[in-house]
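Chemist: Next one to model:
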Amino acid sequence: MIKVCLADNYPVVHFGVKSYFKDHSDISIAANVGSFLMIRDILQTKDIDVLILDLELEGLSSIFEVKSLLKDFPKTKIIIFSSLSEQIYAPNAIKAGVAGYVHKKEKLETLGQSIIKVHQGKVVMNETIKKNLALIAKQSKSERLYRKLSNREVEVLRYLSGGKKNHEIAEILGLNEKTISTYKLRLLTKLNVTNLVDLVNKAKSLEIV
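Modeler: Presented below is the predicted three-dimensional model:
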């Protein structure tokens, strides 16, 4: 039996997932948490095989925190279960070491299949994402620039798009404010814009945020 921990903000998601897998022959929802701060306690006290994690989970401010979990609990596989754009976030998540990315628009049957596959040691990504990644190499440098954003750049862009100031982002991510300014300049350059308003609009048009 594959023991799973579901980490999500919304009770309705917990209820739906638990109900679906209630009588599953291979999967057991062994734990549920509503904030990132609770995950370590669960992983330290229970033998969890697969962690289902929403990137927008309360208390989760950086993909680097996910990488830290993977380092400290190497036996636990992580599947990102999120409504954020697969096109942007799936490649970055896989690069960070997670075993799979399932968009919340998918059926719970797909989530179940993904849990079994990652437990078997496979990496799971939507076929569309695989095709998009294959196309990146064929695109011109300007066309694929926005796909080349680092995990940290994507995070900073998300907070900028949400109206956060540099000093607020620095505090959230535990970085120096000057460092955030540097990331902001890189984003302006990579997305070929000259100001914050255009940066946010470009990010939205490309479905980065």
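Chemist: Run through the helices of this protein in chain order.
Modeler: Along the chain, counting by DSSP state H, helices occupy 11-20, 39-45, 63-72, 86-96, 108-119, 127-136, 141-144, 151-161, 166-173, 177-190, 196-205.
Chemist: Now do the contacts for the closest residue to residue 168 other than its chain neighbours.
Modeler: Closest residue to residue 168 apart from its sequence neighbours, by CB to CB, 6 or more residues apart in numbering: residue 159 at 7.4 Å. Heads up, the C-betas are built off the backbone N, CA and C, glycines and all. For residue 159, the contact set (CB atoms under 8 Å, 6 or more residues apart in numbering) comprises 168-169, 172-173.
Chemist: Domain boundaries for the chain, per the record?
Modeler: Annotated domains of the chain cover 2-132, 141-205 [automatic domain parsing].
Chemist: coming back round to it: just the pLDDT at the residue nearest to residue 168, thanks.
Modeler: According to the prediction, residue 159 has pLDDT 91.
Chemist: Residue 135 too?
Modeler: 60.
Chemist: likewise residue 58?
Modeler: Note on residue 58: pLDDT of 92.
Chemist: Kindly report the same for residue 131.
Modeler: So residue 131 comes in at 66 (pLDDT).
Chemist: And residue 144, by the same measure?
Modeler: pLDDT, residue 144: 51.
Chemist: average pLDDT for stretch 83-93?
Modeler: Here the average pLDDT along stretch 83-93 is 81.
Chemist: Would you mind listing the buried residues in that stretch?
Modeler: For stretch 83-93, burial by neighbour count (16 or more other CB atoms under 10 Å) applies to 84, 86-93.
Chemist: And for stretch 68-80?
Modeler: Within stretch 68-80, judged by 16+ other CB under 10 Å, the buried ones are 69-70, 73, 76-80.
Chemist: Which pair of these spans the longest distance?
Modeler: Farthest-apart pair in those is 73 and 80; separation 15.7 Å (CB to CB).
Chemist: list the contacts for the spatially most central residue of the chain?
Modeler: What sits nearest the mean C-alpha location of the chain, by CA atoms, centre = their mean, is residue 55, with 4.2 Å. By CB under 8 Å, 6+ apart, the residues touching residue 55 are 63, 80, 82, 84, 89, 93.
Chemist: Tell me how far residue 36 lies from residue 51.
Modeler: From residue 36 across to residue 51, the span is 11 Å (CB to CB, to the nearest Å).
Chemist: That's all I had, so thanks and see you.
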